[in-house]
Structure formats: structure tokens, C-alpha cells
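> after the sequence you'll find the predicted model.
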Amino acid sequence: MNTDKDWKDKLAVVTGASSGIGAATAKRLAREGMQVALVARRADRLETLADEIRRAGGRAHPIPADLTQESGRARVFTEIEARFGQADVLVNNAGLGWYGYGDRMPWKTALEMLQVNVEAVVQLSLSFLPGMRKRDGGHIINIGSISGSIPSQGVAVYGATKSFLDSFTTALHRELTGTRVHVSVVRAGPVRTEFGEAALAKENGGHVPTEHIGVTAGHVAWRIWKLLLRPRRVIYVPGWLRVVPLTELAFGWIIDRVGPLLLKRGRGASL
Ligand SMILES: NC(=O)c1ccc[n+]([C@@H]2O[C@H](COP(=O)([O-])OP(=O)(O)OC[C@H]3O[C@@H](n4cnc5c(N)ncnc54)[C@H](OP(=O)(O)O)[C@@H]3O)[C@@H](O)[C@H]2O)c1
């Protein structure tokens with residue numbers, strides 16, 4: 001168990017900080033006294049958020065970067081090292097989705113998703129982890145999804161990227177047992193952000209059926225702050241979603257049968 005004093009003045013790197021969960025998390029952590037490094041492509045949004053945080057008395061440092069690129073991710077790491085020496089918290093939040101049948105998914109969208117949702121998480125984690133181990137302190141938080149626990153029609157590649165995060169997190173968590181370095185995955189259900197809009201804007205993209213429902217980004221940010229205070233391998237947001245992996249085990253065979261029907265009939269599944 002950590003206290004809020006343990007995190008005061010420490011540096012959190014938050015990817016995907018230009019909107020949604022990332023922006024809300026950066027604001028929350030800054031409000032709790034942490035310094036935040038804001039990573040995403042849209043530099044104007046990062047500057048606006050940094051100004052807002054500074055006006056409220058916090059400390060924020062925009063680092064614009066495209067996380068599809070290995071060089072962009074490497075630059076985030078070297079900039080943090082050069083300016084701050086270390087990162088105490090890494091929130092791997094940047095991510096994108098796409099909704100529709102796999103046979104209509106353009107490869108370039110699948111590749112972008114693999115690069116941001118998987119490659120960037122691995123590269124940034126492996127870059128920051130040795131420093132955390134050396135200092136014996138730090139926390140990596142991966143923003144997963146309940147889609148990683150229940151492979152679903154319409155999100156074949158997206159769900160697989162989030163399953164990857166589940167496995168990656170669990171293995172690292174087990175490697176780090178007995179240390180003061182923590183790795184966690186946040187299995188989030190629907191959250192009201194720009195996620196659905198961004199997915200729809202992509203070639204052949206359909207409406208994400210859950211795009212208008214779910215918890216607020218602020219709620220997820222609050223749970224992330226609580227996770228820093230009380231580290232655990234996995235949290236579900238909202239909490240009742242912890243039944244979902246059991247549902248897949250018990251009823252996966254039914255979902256196999258009705259899956260294609262659900263996708264055709266799904267609200268807004270404009271395919
Ligand atoms: N919303 C949901 O229902 C939901 C549910 C479960 C899990 N999640 C996960 O939560 C995370 C955040 O999503 P959100 O809901 O907050 O969506 P969002 O509002 O669309 O935010 C996505 C963030 O990712 C960043 N990003 C995308 N591509 C990037 C790239 N190439 N380089 C750098 N940054 C990139 C975006 O910044 P730029 O465009 O400025 O680069 C943006 O800041 C994602 O990992 C998502 O899978 C979301």
C-alpha cells in the first residue's frame with residue numbers, strides 16, 4: 001500500500017493524453033501532486049491540457065510523439081531520461097479501435113492498431129522497466145479492455161491486442177513479485193470518450209455499439225489513482241465486469257453460435 005505522499009512530485013508518463021481517459025488521468029494525477037508528461041500526436045491539445053494543469057497549480061510537460069513509430073517511442077524515452085532522469089509511473093493508455101467484420105478491415109488499420117496498442121506498450125515498458133528495477137520502485141499501468149477477456153464479433157484485432165496486454169501484464173507482474181515495482185492492467189468496459197468517433201472515421205469502420213454508454217473518463221482516472229495507492233495486477237472498471245471472464249468460460253459456446261447474428265443486428269453496426 002502506498003500513500004498519496006509517496007507519489008507527490010513523482011513523474012507519471014501518460015500516453016494518449018490528448019483526449020479521453022489519458023487526458024482525465026493526467027489531470028487527476030497532477031491534481032494529486034504528481035508531475036505529468038503528456039504524450040500523443042496532437043501537440044495543440046497537449047499544450048492546452050498542460051496550460052489547464054499549470055493554471056490549477058500542477059506541473060505538466062507535453063511530449064508530442066507518434067507511437068506507431070519505433071523512433072517516436074524511443075524519443076519519448078530519451079526525452080524523459082534527459083529532462084527528468086526517470087519515470088516513476090508509466091500509463092500505457094494510447095490506443096485505437098475499429099469495429100466491423102475482420103474481412104472488411106484494411107490491413108493498414110490493423111497494423112496501426114498493433115503498433116499503438118501492442119508495440120508501443122511493449123517498447124515503452126521495456127525501456128522504463130530497467131530503471132524502475134534499479135531504483136526498486138515504479139508502476140506500469142496498461143489500459144486494457146474487457147474485450148480482451150471475451151473475444152467478440154466486430155473487434156477481432158482490437159480484442160486480441162487487449163488480450164496481449166492481459167498476458168504481458170500478468171507475466172511481468174509475476175516476474176516482479178517481491179519487488180516494489182508493479183505492473184497492472186485496467187480491464188475497462190465502455191467509457192464515454194472520442195474512441196468510437198475515431199474508430200468510425202477509419203476506412204470501412206462501423207459504429208462501436210457501446211459508443212454512447214459507459215462510465216466517464218474521470219471515473220477511470222479516479223480508479224487509476226486508487227490503483228497507484230493500492231497496487232494490484234488487474235482491476236475492472238466498472239467493478240462488476242469481473243464476472244465477464246467467467247461468462248466466456250461458461251457461455252462461450254453460445255456466443256460462438258449467436259455471434260454473427262449479434263453483429264448483423266447490433267445497434268449501429270453499419271456494415
Ligand atoms: N472508450 C472506451 O470505451 C474504452 C474501453 C476500454 C478500453 N479503452 C482503451 O482506453 C484507451 C484510451 O482510449 P479513449 O477511450 O480515451 O479514446 P480516445 O479519446 O480516442 O483517446 C485515444 C488516445 O490515443 C492517442 N493515440 C492514438 N493513436 C496514437 C498514436 N499513433 N501516437 C500517439 N498517441 C496516439 C490519441 O492521441 P492523438 O490522436 O492525439 O495521437 C488519444 O489521446 C485505449 O487504449 C482504449 O483501447 C477504451
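Thanks, I have it. Numbers count the residues shown, from 1 in each chain.
> mind naming the longest helix for this structure?
helix 244-265 (DSSP state H).
> what mean pLDDT does it get?
Helix 244-265 shows an average pLDDT of 78 in the prediction.
> quick one: name the residues of the protein near the ligand.
Contact residues (Cβ under 6 Å from any ligand atom) of the chain with the ligand: 16-22, 40-42, 66-68, 93-97, 116, 143, 145, 188, 190-191, 193-195, 198, 214, 217. All C-beta atoms are positioned from the backbone trio N, CA, C, and that covers glycine.
> the residue nearest to Phe84 when sequence neighbours are not counted and the ligand, how far apart?
In space, and not counting its chain neighbours, Phe84 is closest to Leu11: 5.1 Å by Cβ to Cβ, 6 or more residues apart in numbering. Applying Cβ to the nearest ligand atom, to the nearest Å, the value for Leu11 to the ligand is 19 Å.
> which stretches of the chain have low pLDDT?
Where the chain drops to pLDDT under 70, the residues are 260-262, 264-271.
> on that earlier part again, buried among the residues of the chain next to the ligand? Need that as a selection in ChimeraX.
Burial among the residues of the chain next to the ligand is assessed by 16 or more other Cβ atoms under 10 Å; the matching ChimeraX selection reads:
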select :16,17,18,19,20,21,22,40,66,67,68,93,94,95,96,97,116,143,145,188,190,191,193,195,198,214,217
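> where does the residue nearest to Phe84 fall, phi/psi-wise?
phi -100, psi 130 (degrees, to the nearest 10).
> next, the contact list for it, please.
34-37, 80, 84, 86-89 (Cβ atoms under 8 Å, 6 or more residues apart in numbering).
> repeat for Gly137
88, 180-181 are the contacts of Gly137 under Cβ under 8 Å, 6+ apart.
> mind redoing it with 10 Å?
Contacts here follow Cβ atoms under 10 Å, 6 or more residues apart in numbering; on that basis Gly137 touches 2, 6, 10, 86, 88, 131, 179-182.
> what's the answer for Val208, then?
Neighbours of Val208 in contact, by Cβ under 10 Å, 6+ apart: 97-100, 154-155, 158, 190, 195-200, 266, 268-269.
> assign a three-state SS to it, would you?
coil (DSSP: H, G, I helix; E, B strand; the rest coil).
> how about it, nearest residue that isn't a chain neighbour?
Gly196 (4.1 Å).
> element containing the closest residue to Ser145 other than its chain neighbours?
In this structure, Ser145 finds its nearest non-sequential neighbour in Lys162, 4.2 Å apart by Cβ to Cβ, 6+ apart. Lys162 belongs to helix 156-175 when assigned by DSSP states H and E.
> for that helix, buried residues please.
For helix 156-175, by 16+ other Cβ under 10 Å, it's 156-166, 168-169, 172-173.
> next structured bit after it?
strand 181-188.
> and the residue nearest to Val208, that one's in a strand?
No: Gly196 is assigned helix when assessed by three-state DSSP, not a strand.
> spell out the secondary structure type for Val14.
Put simply, Val14 is strand when judged by three-state DSSP.
> which stretches of the stretch 51-200 of the chain form helices?
70-84, 107-113, 120-135, 156-175, 195-200 (DSSP state H, counting those that start in this stretch).
> farthest pair within the contacts of Gly137?
Using Cβ to Cβ, the contacts of Gly137 reach their maximum pairwise distance at Asn2 and Gly131, which is 18.3 Å.
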